[in-house]
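Colleague: need a structure here:
(one chain, ligands or ions: 1)
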Amino acid sequence: MAGQGDAGRAGARVPRVELRGISKHFGSGAARVDALKDVSLDIFGGSVVGLLGPSGSGKSTLLNAIACITEPSRGRMRLDGDTVYDNRWLRPDLRRLRLEKIGFIFQFHNLLPFLTALENVRLVLDLAGWPREAARQRAAELLDYLQVGDRGQALPAQLSGGQAQRVAIARALANQPRIILADEPTAALDSERAGIVMDLLRGVARKNDAAVVVVTHDEKIFDRLDEIFYLRDGWLVPPEAAPTPPRLAIASSDMRL
Ligand SMILES: Nc1ncnc2c1ncn2[C@@H]1O[C@H](COP(=O)(O)OP(=O)(O)OP(=O)(O)O)[C@@H](O)[C@H]1O
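Modeller: Have a look, this model is predicted:
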């Protein structure tokens, strides 16, 4: 498994996500919860990795820390070779950082209901400062790529669940992020659509050399993950000690798309 401090195995490649000794606690005294304990890992471009573990094991906290939404309590985090956290945030504008580096896909699509599919995708590009025409073109191309180009003028309520999720993926990919974080992206989809979503994410990981990190309980997609990080009680469990859920094939660390 990549990560666990074995940077040599990946040669000179810079991990898209590099965590060293990341801990996070909430509350204090008797109410203190240690949600992440000394988590170190590397995630490289071109791979789709899963964050697995029982409920309450720290998966969402870890995903939100990587997304620069939740501030860790200590440790060091580099995104795309850029140290963004070293016992404190080093970048003053985390919103801009997220816009530059990260695409986020949620379980439910979270599209803005009063904007069309095309406008939802364009919004990200407008915020990132893309020129108007280039943004329109890119948004339309992405919707085409995700096979919902003909639904560009539809409002989210007029889309099927699978279509809405693809528009949400287009939005997450709009600014060509090198890190794509997905929280239960397939939980609301049937097997066929879940497979399509995972194939899309895999395609994007390969095409853009992006790291895709998926928090999931969804057994349907376990065999589509290149690598598994398993959390238990806030600790990252070494691969050899992680349980092997049914149908879960842990890929070799050398596997690349
Ligand atoms: N904002 C918060 N305040 C206090 N405790 C929190 C907060 N967020 C998470 N926790 C606690 O941190 C621990 C890890 O939570 P987290 O949501 O990261 O787990 P999870 O593995 O994502 O769980 P699930 O699979 O149920 O979503 C849990 O004990 C949770 O109650």
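Colleague: C-alpha from now on. contacts and neighbour counts both.
Modeller: Will do.
Colleague: helices and strands of the chain: which one has the lowest mean pLDDT?
Modeller: Using mean pLDDT, DSSP states H and E, helix 191-208 stands out as the lowest-scoring helix or strand of the chain, at a mean of 85.
Colleague: could I get it in PDB with only the CA atoms?
Modeller: Presented in PDB, the C-alpha positions along helix 191-208 are these (Å, rounded to 0.1, in the frame of the first residue of the first chain):
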ATOM      1  CA  SER A 191     -25.500  -1.200  -8.900                       C
ATOM      2  CA  GLU A 192     -25.400  -0.300 -12.500                       C
ATOM      3  CA  ARG A 193     -25.400   3.500 -11.900                       C
ATOM      4  CA  ALA A 194     -22.900   3.100  -9.100                       C
ATOM      5  CA  GLY A 195     -20.600   1.200 -11.500                       C
ATOM      6  CA  ILE A 196     -20.900   4.000 -14.100                       C
ATOM      7  CA  VAL A 197     -20.000   6.600 -11.500                       C
ATOM      8  CA  MET A 198     -17.000   4.600 -10.300                       C
ATOM      9  CA  ASP A 199     -15.900   4.100 -13.900                       C
ATOM     10  CA  LEU A 200     -16.200   7.900 -14.500                       C
ATOM     11  CA  LEU A 201     -14.100   8.600 -11.500                       C
ATOM     12  CA  ARG A 202     -11.500   6.100 -12.500                       C
ATOM     13  CA  GLY A 203     -11.400   7.700 -16.000                       C
ATOM     14  CA  VAL A 204     -10.900  11.100 -14.500                       C
ATOM     15  CA  ALA A 205      -8.200   9.900 -12.100                       C
ATOM     16  CA  ARG A 206      -6.300   8.500 -15.100                       C
ATOM     17  CA  LYS A 207      -6.900  11.400 -17.500                       C
ATOM     18  CA  ASN A 208      -6.100  14.200 -15.100                       C
END
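Colleague: following it, which helix or strand shows up next?
Modeller: Under the assignment DSSP states H and E, the closest C-terminal helix or strand after helix 191-208 is strand 211-215.
Colleague: Export that next one to PDB, keeping only CA atoms.
Modeller: Extracted in PDB, the C-alpha atoms of strand 211-215 (Å, rounded to 0.1, in the frame of the first residue of the first chain):
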ATOM      1  CA  ALA A 211      -6.300  11.400  -6.700                       C
ATOM      2  CA  VAL A 212      -9.800  10.300  -6.000                       C
ATOM      3  CA  VAL A 213     -10.700   9.600  -2.400                       C
ATOM      4  CA  VAL A 214     -14.000   7.900  -1.700                       C
ATOM      5  CA  VAL A 215     -15.600   7.400   1.700                       C
END
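Colleague: What residue in the stretch 101-250 of the chain comes nearest to the ligand?
Modeller: residue 234 (6.9 Å; Cα to the nearest ligand atom).
Colleague: Three-state assignment for the residue nearest to that residue when sequence neighbours are not counted, please.
Modeller: Leaving out its chain neighbours, the residue that sits closest to residue 234 by Cα to Cα, 6 or more residues apart in numbering is residue 36, at 4.0 Å. The three-state assignment at residue 36 reads strand, by DSSP: H, G, I helix; E, B strand; the rest coil.
Colleague: hang on, residue 36 packs against residue 63?
Modeller: No. With contact defined as Cα atoms under 8 Å, residue 36 does not reach residue 63; the gap is 11.0 Å.
Colleague: more neighbours, these two?
Modeller: Taking other Cα atoms under 10 Å, residue 36 and residue 63 do not tie; residue 36 has more neighbours (27 against 20).
Colleague: any idea how far the ligand is from that one?
Modeller: 7 Å (Cα to the nearest ligand atom, to the nearest Å).
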